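Colleague: 3D, please:
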Amino acid sequence: MASLISDLHSSDLEILVRKNNLFVTTLTLNRPRKLNALSVSMLSRLSELFLRCDNDPHVKLVILKATGKAFLPGGDIASVAQHLYSGNVRAACRSFATAYSLMYLVATKTRPLVSFLNGMTMGTGAGVSIHGCFRVVTEKTVFAMPEAAIGGFPDVGSSYFLSRLPGFFGEYLGLTGAKLDGPEMLSLGLATHFVLSSKLASLEEALVRTLGALPNTSSSDDRAFISAILDAYSEQPALKAKSAYHRMDVIDKCFSQSTVEEILSSLEKEYATSTNTSDHHEWLSSSIQSMKNASPISLKIALRSIRGGRKLQGVGECIVREYRIICHVLRGEISKDFMEGCRAILLDKDKNPKWEPSRLELVTDQMVSHYFSRLDDDEELKLPQTSKLSVTPISKL
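Modeller: The predicted structure follows:
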């Protein structure tokens, strides 16, 4: 019989742990009033649970899901903003260090992870799932990396997975914050399976039942069984006519440009000269407006981060570099756009941030380079080390 595990952690009620049998453990994010946004204690608890499962010789599979309408729309940015407003930059940096270490564990864990992305999946939600083995999306899935809109940049290891999407689709997602649905994620490779939300409970039961009846299989056999079960419940959904996936040629043409200014100019030129449908003009107008509304320095950081991610071999390298960037962002040495974005979008909610520098042409290459500079040795991110992690771990994307 399945049992609930409780170690009297403060986050026990926010992350429900169900050991279905010796071989399958289900972790359920349970903070629906906050849309399951991960607090620092929840991030630490998830890391602890993933490590425990990886070190348990009996565990063959971990299932990650959530209660409520959202899977996980991100971390608890409001608490990070409070640290910054109180002048505690170190605490803010530690929050991101905890989050990034969790992403690395997900990317390098040896036990298969099946994530049910049944609802809103953004930022940290992408980091704890997309780096894993199996990513199951549904008709309710909404994915985005909208960080530039609040003065941040796409992080949580996204410079690894965005840079490995077809063509220049990663640049498009990172610079516009555009939303994707489940079928689009599947087509791009961000998801591995599409399953109707009404079938998720039956799918979970099948995984638990099948793996529970196979006590002596190898890890490769376990993955094959998991994949076969997921395949049996999945389907190939049709893309909507308005999907950005159908505009890959325009995305590659515009977002392959060398600079943010050139990308924006290319989009505007496409809008002015295009004779396509009103849907196409609406998509172009939305992309242009999203970039114009975002923080100029965030856009330039995001572009360099994604482009640089293509040159790095492992997800760990991407995460370490992203940590350097976020620490410089939090310190506000060049720009305080992150604090301003948090104020305008999350705290005062006037949705009218005053970016500084205010225009793309005022953001120099030297300014952007500062965000990629190394931290002091004692401030650099120390990724978790266990005997099971390889020297050059590669994400399972």
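
Colleague: make it CA atoms for all contacts and neighbour counts henceforth
Modeller: Noted.

Colleague: thought Glu261 was touching Leu360?
Modeller: Yes: with contact defined as C-alpha atoms under 8 Å, Glu261 and Leu360 form a contacting pair (6.9 Å).

Colleague: Report the central residue of this structure.
Modeller: Centroid-nearest residue in the chain, with C-alpha atoms, centre = their mean: Ala126, separated by 2.5 Å.

Colleague: Just the element for that one, please.
Modeller: helix 124-130 (DSSP states H and E).

Colleague: all helices for the stretch 201-350 of the chain, in order.
Modeller: Using DSSP state H, counting those that start in this stretch, the helices of the stretch 201-350 of the chain run over 219-233, 248-255, 260-273, 278-293, 296-309, 315-331, 337-341.

Colleague: Flag every buried residue along stretch 364-373.
Modeller: Buried residues in stretch 364-373, counting neighbours by 16 or more other C-alpha atoms under 10 Å, are found at Met367, Val368, His370, Tyr371, Phe372.

Colleague: Tell me how far the third one lies from Cys327.
Modeller: What that stands for is His370. Distance, His370 to Cys327, by C-alpha to C-alpha, to the nearest Å: 11 Å.

Colleague: Could you name whichever residue is most remote from the centre of the chain?
Modeller: Furthest out from the centre of the chain (C-alpha atoms, centre = their mean) sits Thr275, at 35.3 Å.

Colleague: what are the phi and psi angles of it?
Modeller: Dihedral pair for Thr275: phi -110, psi 20, per degrees, to the nearest 10.

Colleague: do you know which of the helices of the stretch 201-350 of the chain lies nearest Arg31?
Modeller: helix 337-341 (24.2 Å; C-alpha to C-alpha).

Colleague: and for that closest one, what are the contacting residues?
Modeller: Under the contact criterion C-alpha atoms under 8 Å, 6 or more residues apart in numbering, helix 337-341 has outside partners 81, 84-85, 149-152, 295, 329-330, 332, 353-356.

Colleague: what's the closest of the buried residues of stretch 364-373 to Glu317?
Modeller: Phe372 (12.5 Å).

Colleague: hang on, isn't that closest one packed against Arg321?
Modeller: Yes: assessed by C-alpha under 8 Å, Phe372 is found in contact with Arg321 at 6.9 Å.

Colleague: Tell me, how many residues neighbour Val114?
Modeller: Residues lying near Val114 (other C-alpha atoms under 10 Å) number 25.

Colleague: Look at it and give its secondary structure.
Modeller: When classified by DSSP: H, G, I helix; E, B strand; the rest coil, Val114 comes out as strand.

Colleague: mind listing what the nearest residue to Ile77 once chain neighbours are set aside touches?
Modeller: Distances taken as C-alpha to C-alpha, 6 or more residues apart in numbering put Cys342 closest to Ile77, at 7.8 Å, once the chain neighbours are dropped. By C-alpha under 8 Å, 6+ apart, the residues touching Cys342 are Ile77, Ala78, Ala81, Ile150, Gly151.

Colleague: what's the neighbour count on Thr98?
Modeller: Neighbour count of Thr98, defined by other C-alpha under 10 Å: 18.

Colleague: quick one: the residue lying closest to Asn293 once chain neighbours are set aside from Cys53, how far?
Modeller: Nearest residue to Asn293 in three dimensions, chain neighbours excluded: Ala149, at 6.9 Å (C-alpha to C-alpha, 6+ apart). Applying C-alpha to C-alpha, the value for Ala149 to Cys53 is 36 Å.

Colleague: quick revisit: can you redo the helices of the stretch 201-350 of the chain as CSV with mean pLDDT, mean neighbour count and distance to Gly167?
Modeller: Formatted as CSV, those follow (pLDDT from 0 to 100; neighbours: other C-alpha atoms under 10 Å; distance: least, C-alpha to C-alpha, whole Å):
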stretch, mean pLDDT, mean neighbour count, distance to Gly167
helix 219-233, 96, 16, 27
helix 248-255, 98, 18, 6
helix 260-273, 97, 17, 14
helix 278-293, 95, 16, 17
helix 296-309, 98, 24, 12
helix 315-331, 97, 23, 19
helix 337-341, 96, 25, 29
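
Colleague: Using TSV, lay out those together with distance to Arg45.
Modeller: Formatted as TSV, the helices of the stretch 201-350 of the chain follow (distance: least, C-alpha to C-alpha, whole Å):
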stretch	distance to Arg45
helix 219-233	25
helix 248-255	39
helix 260-273	39
helix 278-293	35
helix 296-309	28
helix 315-331	20
helix 337-341	27
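
Colleague: Out of these, which gets nearest to Leu203?
Modeller: So among these, helix 219-233 is nearest, using C-alpha to C-alpha, at 6.7 Å.

Colleague: Fine by me, thanks again.
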